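Engineer: The sequence and its predicted three-dimensional model are supplied below.
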Amino acid sequence: METILDKILTEKRKEIMELHKGKEAAQTLDKHPKRSFISRLEAGDELAVIAEFKRASPSKGDINISQKPEDQALFYKKFGADVISVLTDNTFFKGSFSDLTSVRETVDLPVLCKDFIIDEAQIIKAKASGANLILLIVAAMGGGRLKELYDFALEQELEVLMEVHNEEELETALETGTKLIGVNNRNLKTFEVDLEVTERLAPAIKKAGRFLISESGIKTEEDVQRVIAAGANGILVGEAFMTSNNLEGLLKAMKLPLRGAVKQ
Ligand SMILES: O=C(O)c1ccccc1NCC(=O)[C@H](O)[C@H](O)COP(=O)(O)O
């Protein structure tokens, strides 16, 4: 049966054909200076928070359709976020690359391009739009291609958050040498969310000396305590921040010290 990830990737292949026709992205490659998330993680004794601008999603439909990216970015910066993630996919998430550029031009935090990247042209587009980091999803491609795109991103001076959901994907991710592993608690095939995925994969990530970002389904301070106890260095939160009527209270409550947790 065709999964949502299959459907998204089919759409991405069409977008990539269009990107290959354009030249605009490549010309602006060097426009943006580097903002490093990895340096923040290396220095930090506090959990790093990646706050996501997420209008809609396949699992939830519309989440917060009226919010402007620049307003949300200012709130995220003011309330202590370390990175802002922007969903740039339009078909399934109602996002855009201009959302990413707006965020990049509004605040001085590193910006993550959250998309379904399977081609160099998308990486060039992300960089040209102002991204400092990109997401690479292991489930979206084979190991060889993943390594090619990882190396290409580093050549463009982009940092890479490599996303996994199970042990096999984690093994593939570790082989690329990536410093940042995102454990997605959401199964992209069934939409089931379970923080136990972070707990299960954390020991191997810590043993390999990589930074662990727990992604998806994190809504409360208790959820954050749970992933810190597992060894997370950071969290990625979308829906809970986009729908909160007390964003300041929620984000600040999630900025917990790493305490006894092993940092790396
Ligand atoms: O969110 C979805 O429904 C989704 C479906 C299919 C592929 C990816 C999807 N989400 C992307 C993400 O990884 C999340 O936006 C991100 O981790 C934040 O999750 P949450 O805090 O649960 O909004």
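Structural biologist: Looks like it came in fine. Numbering: from 1, shown residues only.
Engineer: only C-alpha atoms for contact and neighbour calcs from this point on.
Structural biologist: Fine.
Engineer: Neighbours of Asn209, how many?
Structural biologist: Quick fix: residue 209 reads Gly, not Asn. 15 (other Cα atoms under 10 Å).
Engineer: er, Gly231 actually
Structural biologist: Counted with other Cα under 10 Å, Gly231 comes out at 26.
Engineer: Check Arg226 too.
Structural biologist: 17.
Engineer: who's in contact with it?
Structural biologist: If you count contacts by Cα atoms under 8 Å, 6 or more residues apart in numbering, Arg226 has none.
Engineer: and the gap between it and the ligand?
Structural biologist: 15 Å (Cα to the nearest ligand atom, to the nearest Å).
Engineer: Equivalent analysis for Gly217, please.
Structural biologist: For Gly217, the distance to the ligand - Cα to the nearest ligand atom - is 4 Å.
Engineer: Can you report phi and psi for that residue?
Structural biologist: With angles defined as degrees, to the nearest 10, Gly217 sits at phi 70, psi 10.
Engineer: what's around it, how many residues?
Structural biologist: 19.
Engineer: Isn't it up against Asp194?
Structural biologist: Yes. Between Gly217 and Asp194 there is a contact under Cα atoms under 8 Å: 7.3 Å.
Engineer: hey, what's in contact with both of those two?
Structural biologist: What both Gly217 and Asp194 touch, as defined by Cα under 8 Å, 6+ apart, is the set 185-186.
Engineer: Give me every residue in the stretch 101-250 of the chain lying close to the ligand.
Structural biologist: Within reach of the ligand by Cα under 6 Å from any ligand atom, the stretch 101-250 of the chain has these residues: 188, 215-218, 236-240.
Engineer: now these: which count as buried?
Structural biologist: 188, 215-218, 236-240 (16 or more other Cα atoms under 10 Å).
Engineer: where in the stretch 151-264 of the chain is pLDDT low?
Structural biologist: 259-264 (pLDDT under 70).
Engineer: OK, contacts around Thr198?
Structural biologist: Contacts of Thr198 by Cα under 8 Å, 6+ apart are 183-185, 214, 227, 230.
Engineer: ok, now Lys147?
Structural biologist: Contact analysis of Lys147 by Cα under 8 Å, 6+ apart lists Thr176.
Engineer: In which helix or strand does it reside?
Structural biologist: Assigned by DSSP states H and E, Lys147 belongs to helix 143-155.
Engineer: Next SSE downstream of that helix?
Structural biologist: Sequence order places strand 159-164 as the next helix or strand after helix 143-155, per DSSP H and E.
Engineer: Could you check the angle that following strand makes with helix 143-155?
Structural biologist: Orientation of strand 159-164 against helix 143-155 (axes from the mean of the first three to the mean of the last three Cα atoms, to 10 degrees) gives an angle of 160 degrees.
Engineer: hang on, the earlier thing: can you name the two of the contacts of Thr198 that are farthest apart?
Structural biologist: Asn184 and Ala230 (14.1 Å; Cα to Cα).
Engineer: Is it correct that Lys219 falls within a helix?
Structural biologist: No. Using DSSP: H, G, I helix; E, B strand; the rest coil, the assignment for Lys219 is coil, not a helix.
Engineer: buried sites along the helix or strand where Glu18 lies?
Structural biologist: Counting by DSSP H and E, the element that carries Glu18 is helix 4-21. For helix 4-21, a neighbour-count test (16+ other Cα under 10 Å) marks 4-5, 8-9, 12, 16, 19 as buried.
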